[in-house]
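A.B. asks: sequence and predicted model, in that order:
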Amino acid sequence: MAKIKHIAFLKFKPDTSAEQVATIFNELLDLSESIPGIEDYVAGENNSPQGESQGYTHAFVMTFTDAAARDAYLPHPDHERFKANALPHIESVAVVDFEV
């Protein structure tokens, strides 16, 4: 079975503090350590010199063991709680998944 890379690009609302951003990424780290099927999680602030981020300032990548693990993560109650807390601070998000 192929692993799944789950990539999210985030643009935070202008009034979101650096502390709030850090909290959001720490909560994602907690999810990656508590929800089965997540093998890896990395996140960071955009530092590309190309100027093609389309306003997205941060991104994270999760690696799932397979599509079934990703599909179980999406409606997971902990993920739903995370979204309810994080989305009020996010102006825009784009998500891309692919097999590796």
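C.D. replies: The structure has been received and is ready for your questions.
A.B. asks: just confirm residue 6 is within a helix.
C.D. replies: No - using DSSP: H, G, I helix; E, B strand; the rest coil, the secondary structure at residue 6 is strand, not a helix.
A.B. asks: neighbours around residue 81, how many?
C.D. replies: If you count neighbours by other Cβ atoms under 10 Å, residue 81 ends up with 12. For glycine as for every other residue, the C-beta is placed from the backbone atoms N, C-alpha and C.
A.B. asks: mind telling me what element it is part of?
C.D. replies: Secondary-structure assignment from DSSP states H and E places residue 81 in helix 77-86.
A.B. asks: could you export that helix as CSV, CA atoms only?
C.D. replies: Once side chains and other backbone atoms are set aside, the C-alpha atoms of helix 77-86 remain, and they are given as CSV (Å, rounded to 0.1, in the frame of the first residue of the first chain):
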residue,chain,number,x,y,z
PRO,A,77,-13.0,13.8,16.8
ASP,A,78,-9.6,15.2,17.9
HIS,A,79,-9.1,16.6,14.3
GLU,A,80,-12.5,18.1,14.3
ARG,A,81,-11.8,19.8,17.7
PHE,A,82,-8.5,21.1,16.3
LYS,A,83,-10.2,22.6,13.2
ALA,A,84,-12.9,24.3,15.4
ASN,A,85,-10.1,26.0,17.4
ALA,A,86,-7.7,26.8,14.5
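A.B. asks: next SSE downstream of it?
C.D. replies: The helix or strand immediately downstream of helix 77-86 is strand 90-99, counting by DSSP H and E.
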